[in-house]
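1. sequence and predicted structure are below.
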Amino acid sequence: MPNLQDLRRRVRAVKNMRQITKAMKMVSAARLRRAQERVVAARPYTSKMMQILGDVARRAPDYKNPLLTGHEREVQQERVILALVTADKGLCGAFNTNLIKAAQEFQKQNMGKQIELVLIGRKGYDFFRRRPVKIRREHLNITGTGRASAADAAGIAKKLIEDFRSEEKPIDRIYLLYNEFKSALSQRPVVEQLLPTGRVMAEEAVPAEAIVDYLYEQPADAIFNELLPKLVENQIYHALLESVASELGARMTAMDSASKNANDVIDRLTLNMNRVRQAAITREIIEVVSGAEAL
């Protein structure tokens, strides 16, 4: 049985950890509100942009653009990029674990394809760099501050578009995997096709009876050449915002659970400490009584 001094030291250590977890929970809760507001504000813009471009695509069925329709070529093995968005830090429960499992499941479902990873976030990079998978590039310290900038999304989108348009080894499809923010208690891994964008815009298409007859001054090629790269940037930026909000929600929940567990540990250690102290006092009383009887 541990002595009284050891138990007091352990209680003091657990209290210090509880203080840290409570502080982390409060910081995450304060950041989560702002992150959630940014996610809610970004969702209508992304959806409307896809609807408008989908309407333009319907009006110009003969227009061909690799970013919209993909490459028209015969391939023996399809080349795919999976852009995985994870956190740069831990202590957020199963946030990173669920994403990594979803990425591995994606690899299993696409065994016949040549898959390369673009890792956004240190946790995904730390995991996959020790595995026999091909990592095309990594982007670290993007979401570590609790904020995601449009400039970071633009830089990632530019490189992915260059990969897709490459004449040497063109990529057939690019997918984006991130955690969609539902609530502080719920985040859902989502796999979206980033390029080509035709299927994505088709999913966001409005019903035929709800289509508004817009008049576009520019021809379809001018609109697509300008807006398709912007759409890719916006999708990545939206995924980063969703990931930041999901990470903060997961961390807040995890730190709340850690604080409650610390309270339970403190209660158990305090109970053991009181038992040890009571046993020591009882032993001393017995020694005094035994000495008195001997005299």
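-> Looks like it came in fine.

2. what strand or helix carries the closest residue to Met24 other than its chain neighbours?
-> Excluding the flanking residues, the one nearest Met24 by CB to CB, 6 or more residues apart in numbering is Met255, at 4.6 Å. Yep, even glycine has a C-beta here, placed from its N, CA and C like the rest. Met255 is part of helix 220-294 when elements are defined by DSSP states H and E.

3. give me the helices and strands touching that helix, please.
-> helix 4-59, helix 66-69, strand 79-85, helix 95-109, helix 150-165, strand 173-183, strand 186-195 (3 or more CB pairs under 8 Å, 6 or more residues apart in numbering; DSSP states H and E).

4. quick check: beta-bridge partners of Arg188?
-> Glu180 (DSSP bridges).

5. tell me how many other residues crowd it.
-> 13 (other CB atoms under 10 Å).

6. what pLDDT does Ser246 get?
-> Per-residue confidence at Ser246 stands at 91 (pLDDT).

7. got the contact list for it?
-> By CB atoms under 8 Å, 6 or more residues apart in numbering, the contact list for Ser246 reads Phe95, Tyr178, Asn179, Glu180, Phe181, Gln187.

8. and for Ala250?
-> Applying CB under 8 Å, 6+ apart, the residues near Ala250 are Cys92, Gly93, Ala94, Phe95, Asn179, Gln187.

9. against Gln104, how distant is the closest residue in space to Ile100 that isn't next to it in sequence?
-> Nearest non-adjacent residue to Ile100, counting by CB to CB, 6+ apart: Phe127, 5.4 Å away. For Phe127, the distance to Gln104 equals 10 Å [CB to CB, to the nearest Å].

10. any idea how far the residue nearest to Met24 is from Val11?
-> 20 Å.

11. which of those two has more residues huddled nearby?
-> Shown here are Met255 and Val11; by other CB under 10 Å, Met255 has more neighbours (23 against 18).

12. give the contact list for the more buried one.
-> Taking CB under 8 Å, 6+ apart, one finds Thr21, Lys22, Met24, Lys25, Ser28, Leu91 in contact with Met255.

13. wait, the fifth one touches Met252, no?
-> Yes - the pair Ser28 and Met252 qualifies as a contact (CB atoms under 8 Å) at a distance of 3.9 Å.

14. now stretch 173-187 - C-alpha only, PDB.
-> Extracted in PDB, the C-alpha atoms of stretch 173-187 (Å, rounded to 0.1, in the frame of the first residue of the first chain):
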ATOM      1  CA  ARG A 173      -9.400  12.500 -59.900                       C
ATOM      2  CA  ILE A 174      -8.800  14.400 -56.700                       C
ATOM      3  CA  TYR A 175     -10.700  13.800 -53.500                       C
ATOM      4  CA  LEU A 176     -10.900  15.800 -50.300                       C
ATOM      5  CA  LEU A 177     -11.400  14.100 -46.900                       C
ATOM      6  CA  TYR A 178     -12.200  16.100 -43.800                       C
ATOM      7  CA  ASN A 179     -14.400  16.200 -40.700                       C
ATOM      8  CA  GLU A 180     -17.700  17.900 -41.300                       C
ATOM      9  CA  PHE A 181     -18.900  19.900 -38.300                       C
ATOM     10  CA  LYS A 182     -22.300  18.900 -36.900                       C
ATOM     11  CA  SER A 183     -22.000  20.000 -33.300                       C
ATOM     12  CA  ALA A 184     -19.500  20.100 -30.500                       C
ATOM     13  CA  LEU A 185     -20.300  16.500 -29.800                       C
ATOM     14  CA  SER A 186     -20.600  15.200 -33.400                       C
ATOM     15  CA  GLN A 187     -18.100  15.400 -36.300                       C
END
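
15. filter the contacts of Ala250 to the buried ones?
-> Buried by 16 or more other CB atoms under 10 Å: Cys92, Gly93, Phe95, Asn179, Gln187, out of the contacts of Ala250.

16. which residue, neighbours along the chain excluded, lies closest to the last one?
-> What sits nearest to Gln187 in space, not counting adjacent residues and going by CB to CB, 6+ apart, is Ser246, at 3.9 Å.

17. low-confidence regions, the protein specifically.
-> 1-2, 59-63, 65, 70-76, 145-146, 198-216, 220, 295 (pLDDT under 70).

18. let's see it at 80
-> 1-3, 51-77, 143-148, 166-170, 184, 197-227, 280, 283-284, 286-295 (pLDDT under 80).

19. residues in contact with Glu233?
-> Ala150, Ala153, Ala154, Ala157.

20. ok, 7 Å please
-> Ala153, Ala154, Ala157 (CB atoms under 7 Å, 6 or more residues apart in numbering).
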